[in-house]
Every structure is written in C-alpha cells, then in structure tokens.
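Trainee: Quick one, structure for this:
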Amino acid sequence: QVQLVESGGGSVQAGGSLRLSCAVSGSTSCGSDMSWYRQAPGKGREFVSRIHSDGMATYAESVKGRYTISRDNAKNTVYLQMNSLQAEDTAMYYCKTALCAIGGVIREYWGQGTQVTVSS
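Mentor: Numbers count the residues shown, from 1 in each chain. Alright, predicted model coming up:
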C-alpha cells in the first residue's frame, strides 16, 4: 500500500519560511514524479510544484522564485522549501504520487495534508 505523510506545516508571519516534507512508502510500482498541491479555504485544489526523477522541477507562476522542490531518493522523501511567504499562500498542502499500478488498479495517491497559515 502506498502511503504519504506530510509534515512541516505551521503558522508564520508574512515574509517567513517553512519547509514541508513528504515521506513516501510502498511506491515502488509508481512513476517517479512527485507533486505538491494546495487548497485554500473555499477554493479548489491547485498545482504548486512537480519534481521529476532527474531533479527537473516545474512551478506554478504564483510560487516561482519563492518555492523550491527537492527530493532525497535514499529517504523516499520530497521537500518543499517555501520562502517569502504571503497571506495568499495560506492553504492545506498535499503531496501526490505519479500514477501507480498496484493489484491491477492504476491511480495516484495523496497524503493527508499539512496546514500552512501565513499572517500578514
């Protein structure tokens, strides 16, 4: 079974930083890309960043230059370093696997989320 556990969320003031972690287990049958999404209150879930197996990363325009995604393959962990946080970054942050093929079922897996609250 694939499991993702996010951590590192919290409350910070505008301009502050946080580092989120996503520890993944059971993902040997999944594609290697990992992504972060976020969902603010009353809004839909939106893409934040993705990292490929070779370390190449993509970012949403709203976080480009402020966020950095990285991964430690030996620890099966993906990180999201968030700097210059703004009130608009307040959201629940989720990590997500690529497609996984397990037991004849092909699907993505999500973590439970970690809350980030930025006060202005």
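Trainee: in this protein, which ranges drop under the pLDDT threshold?
Mentor: By pLDDT under 70, the chain contains no weakly predicted segment.
Trainee: which stretch of helix or strand covers Cys95?
Mentor: Using DSSP states H and E, Cys95 maps to strand 91-97.
Trainee: chain center to that strand: distance?
Mentor: 5 Å (CA atoms, centre = their mean, to the nearest Å).
Trainee: could you point out which element follows it?
Mentor: Next along the chain after strand 91-97, taking DSSP H and E as the criterion, comes strand 100-102.
Trainee: buried ones in that next one?
Mentor: Cys100 (16 or more other CB atoms under 10 Å). C-betas here are computed from N, CA, C, even on glycine.
Trainee: How about stretch 62-82?
Mentor: Applying 16+ other CB under 10 Å to stretch 62-82 flags Val63, Tyr67, Thr68, Ile69, Arg71, Asn76, Thr77, Val78, Tyr79, Leu80, Met82 as buried.
Trainee: now stretch 13-25
Mentor: For stretch 13-25, the neighbour count (16+ other CB under 10 Å) marks Leu18, Leu20, Ser21, Cys22, Ala23, Val24 as buried.
Trainee: contacting residues around the nearest residue to the first one once chain neighbours are set aside?
Mentor: So the one you mean is Leu18. Nearest non-adjacent residue to Leu18, counting by CB to CB, 6 or more residues apart in numbering: Met82, 5.0 Å away. Going by CB atoms under 8 Å, 6 or more residues apart in numbering, Met82 touches Ser17, Leu18, Arg19, Leu20, Val63, Arg66, Tyr67, Asp89, Val116.
Trainee: just Val118 next, same as before
Mentor: Contact analysis of Val118 by CB under 8 Å, 6+ apart lists Ser11, Val12, Gln13, Ala14, Gly16, Leu85, Gln86, Ala87, Glu88, Asp89, Thr90.
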